[in-house]
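Participant: let me see the structure of the following:
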Amino acid sequence: MRNYYRVMLGRGSMYADVCRQQGFIGAHFGIDQELTSLLGGEQREFTQQVRPTYQQVFPEKSKGSAGLACGFLWTISKGIQVGDIVLSPNGQGRYFVGEVTGEYCYVAGDEQPHQRPVAWHEELVDRSEMSESLRNSAGSIGTVSNVSKYREELEQLIKGEAKTQALISQDPTVEDATVFALEKHLEDFLVANWSSTPLGRTHDLYETEESGGQQFPTDTGPIDLLAISKDKQELLVVELKRGRASDAVVGQIQRYMGYVLEEIAEEHQRVRGVIIALDDDKRIRRALQIAQGIEFYRYEVKFNLIPAS
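Facilitator: Model (predicted):
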């Protein structure tokens, strides 16, 4: 099954037109060397090999920012597969759409030297036609964003059909589709109102030039929310249950915490996790008695109808 990626082509989409005209997507990240010999393994191995070079070019960047940049470079160079679909904003409220047709190549001296050939479609996709959730994911900070969970909606938009219907998860671990849809909106609400939440009083969303704190990319999938304590001593992984099976969400947040500890956290920083769910969950509580460093929060939804005067 093909995947779908939003790919930024330069800051402010400055290379989007050139890439479309010449039939490729590309990136630079200050890495002026051919990468084929480094692409034989997985993303983590690639990052470990390339991050020292990146940090020599950008010594002011944190370990986390460097890791993200290398991860984006790996995704463009190898992670995106032949046949996958890329959407690249043109800087005018629309997206170029194309199919990746070939493997990585290095074009020395080009502004975007790390390239993949793309067959661009004639039709563009309007941002205004996207659902709110897709707009948020496609508009997230960062060079690359995997938007494959909106596959059905994107296929309709690319065909020029009407905007898709209700948000439905294709994740087999989702047990309650209604709660899944509700908690997607909860994620956006938390971001918009972060400073007013109990977590926002002690932590800020973790934001860099490469990525924001929402849907933070990792090599095991995106973290719902990543935050950092105001004293910079703690990184907080926040995962919404989204109607998923309890075992799935506990295992997922542990994997994310392991990634953050190894790839993002500085030596002086600790990592903690928070699971947020609509209902109390005995299975999660039992699991968290053993899993250290993870807290469980419930949320309430209040809705009032007020007569118009």
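Participant: wait, is residue 46 part of a helix?
Facilitator: Yes - with DSSP: H, G, I helix; E, B strand; the rest coil as the criterion, residue 46 is assigned to a helix.
Participant: surely it meets residue 67?
Facilitator: No - using CB atoms under 8 Å, residue 46 and residue 67 do not qualify as a contacting pair, with a distance of 10.7 Å. All C-beta atoms are positioned from the backbone trio N, CA, C, and that covers glycine.
Participant: ok, residues contacting the strand or helix carrying residue 55?
Facilitator: Assigned by DSSP states H and E, residue 55 belongs to helix 43-57. Applying CB atoms under 8 Å, 6 or more residues apart in numbering, the external contacts of helix 43-57 come out as 29-31, 33, 35, 38-39, 61, 63, 66-67, 69-71, 73-75, 78-79, 219, 263.
Participant: can you tell me which of those residues are in helices?
Facilitator: Taking DSSP state H, the ones among these that sit in helices are 63, 66-67, 69-71, 73-74.
Participant: which of these lies closest to residue 226?
Facilitator: Lowest distance from residue 226 to the ones in helices among the contacts of helix 43-57 (CB to CB) belongs to residue 67, with 12.4 Å.
Participant: circling back: tell me which of residue 46 and residue 67 has more neighbours.
Facilitator: In this view residue 46 and residue 67 are compared by other CB atoms under 10 Å, and residue 67 has more residues nearby, 29 against 23.
Participant: dump the residue contacts of that one.
Facilitator: Residue 67 sits next to 47, 51, 263-264 when contact means CB under 8 Å, 6+ apart.
Participant: Serialize those residues to a markdown table and add fields for neighbour count, distance to residue 215 and pLDDT.
Facilitator: Formatted as a markdown table, the entries for the contacts of residue 67 read as follows, by neighbours: other CB atoms under 10 Å; distance: CB to CB, whole Å; pLDDT from 0 to 100:
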| residue | neighbour count | distance to residue 215 | pLDDT |
| --- | --- | --- | --- |
| 47 | 21 | 19 | 94 |
| 51 | 18 | 22 | 95 |
| 263 | 21 | 16 | 88 |
| 264 | 25 | 15 | 90 |
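Participant: great, nothing more from me.
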